[in-house]
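Asks: sequence and predicted structure below; questions after.
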Amino acid sequence: MLLTDIGANLTHASFREDLDAVVARARAAGVAQIVVTGTTVEESRRAAEIAERFGLYSTAGVHPHHARECGPRTVADLHEIARHPRVVAIGECGLDFNRNYSPHPDQEKWFVAQLELGMELDKPLFLHSRDAHPRFAEIVKSHRPTRAVAHCFTGEREELMAYLELGLYIGITGWICDERRGKHLLALVREIPPERLLLETDAPYLTPRDMRPQPKARRNEPAFLPHILHTVARALGRPAEEVAALTTRNAATFFSLHESGSSAAAQRPLAA
Ligand SMILES: [Zn+2]
């Protein structure tokens, strides 16, 4: 069983000490590929370095939390980072009206700038939307990216339907394992067309709440993706192997992970 974690924040400080072991555990758990999320210009550079070092992939983008830090060089910097062969998407970018760490006009401006960059470079978009429906959908609709994923989908049915209508892929995290706030996803996941379903941990965040024992310091990591897979498979009433194969195929299609070098790179010894 081979899985792809389409979103892991491996540049996060909590992975600094033991990243080799984290990647090794992921591979031992069947997580053959990881797309390392870029959340600022600097983190996107580091994400590409990590991707290169471990034979993984990464994204280049600025999270809406950091929109207020963007400036005249941001798009050119992301453009430059995106030229790296292991950078397979633009993002994460989008809107977050939950925490509101950046003013809404800044969030919208830099979301649009990254949508345009992704389309210019013909790269898929890794999108974040939290409590930002329907504004998020309006902006996506006015740009119509050819390939985009609503990563870490946590919304309600109406939001899901709007995203599917826009042609978005849907990323499911361990939120679905949360009996307090993720229960609705167990039913909603059945409404996602099989070819649009993707799996992710969003590590180190969103540790599945029903994992026993809970990991040390509650840090989530890509090795826990099979736990999410099994929850999704149960919700769908399908064998886990089938959902694994399906979502891995979807990730390969979405990020165009077909180049000949990728499997060789994935076999590369872990030590740099
Ligand atoms: Zn996000």
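Replies: In hand now; what should we look at?
Asks: so which elements touch the longest strand anywhere in the chain?
Replies: Taking DSSP state E as the criterion, the chain has its longest strand at strand 87-96. When contacts are defined as 3 or more CB pairs under 8 Å, 6 or more residues apart in numbering; DSSP states H and E, strand 87-96 packs onto helix 41-54, strand 57-60, helix 104-121, strand 125-130, helix 135-143. Placement of C-beta: from N, CA and C, glycine included.
Asks: who's in contact with the shortest one?
Replies: Think strand 57-60. For strand 57-60, contacts defined as CB atoms under 8 Å, 6 or more residues apart in numbering pick out 33-38, 44, 47-48, 50-51, 78, 81-82, 84, 86-92, 126, 255, 257.
Asks: hmm, 7 Å instead?
Replies: The contact list for strand 57-60 (CB atoms under 7 Å, 6 or more residues apart in numbering) reads 33, 35-38, 44, 47-48, 50-51, 78, 81-82, 86-92, 126, 255, 257.
Asks: show me the strands in the stretch 151-272 of the chain, by range?
Replies: Counting by DSSP state E, counting those that start in this stretch, the stretch 151-272 of the chain has strands at residues 169-172, 197-199.
Asks: that older thread, which one of the helices and strands packed on strand 87-96 is the most hemmed in?
Replies: Counting by mean count of other CB atoms under 10 Å, strand 57-60 has the highest mean neighbour count of the helices and strands packed on strand 87-96, with a mean of 31.
Asks: mean confidence for the following helix or strand past that one?
Replies: Next helix or strand after strand 57-60 toward the C-terminus (DSSP states H and E): helix 74-81. Taken as a whole, helix 74-81 has a mean pLDDT of 98.
Asks: same deal with stretch 238-249?
Replies: Stretch 238-249 comes out at a mean pLDDT of 98.
Asks: for that stretch, which positions count as buried?
Replies: For stretch 238-249, a neighbour-count test (16 or more other CB atoms under 10 Å) marks Ala240, Val243, Ala244, Leu246, Thr247, Thr248 as buried.
Asks: distance to Arg180 for those residues - can I get that in a markdown table?
Replies: Converted to a markdown table, these look like this (distance: CB to CB, whole Å):
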| residue | distance to Arg180 |
| --- | --- |
| Ala240 | 24 |
| Val243 | 24 |
| Ala244 | 27 |
| Leu246 | 28 |
| Thr247 | 25 |
| Thr248 | 30 |
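Asks: show me what contacts Ala252?
Replies: Here Ala252 is in contact with His258 (CB under 7 Å, 6+ apart).
Asks: and it, how close does it get to Arg73?
Replies: 33 Å (CB to CB, to the nearest Å).
Asks: ditto for Val112
Replies: Going from Val112 to Arg73 by CB to CB gives 17 Å.
Asks: and Asp18, by the same measure?
Replies: 33 Å.
Asks: these two: who's more crowded?
Replies: For the pair Asp18 and Arg73, the greater number of neighbours falls to Asp18 (13 against 10), based on other CB atoms under 10 Å.
Asks: and the more buried one, backbone torsions?
Replies: The phi and psi torsions at Asp18 (degrees, to the nearest 10) take the values phi -140, psi 40.
Asks: cool, and the one 3 residues further on?
Replies: Backbone geometry at Ala21, expressed as degrees, to the nearest 10, gives phi -70, psi -40.
Asks: how far away is it from Thr231?
Replies: 25 Å.
Asks: please say which of the two ends up with more neighbours.
Replies: Thr231 (21 against 13).
Asks: burial count for the closest residue in space to Met211 that isn't next to it in sequence?
Replies: Leaving aside its sequence neighbours, Met211 sits nearest to His227 (CB to CB, 6 or more residues apart in numbering; 5.7 Å). Applying other CB under 10 Å, we find 18 residues neighbouring His227.
Asks: thought His227 was touching Leu206?
Replies: No: between His227 and Leu206 there is no contact under CB atoms under 7 Å: 11.4 Å.
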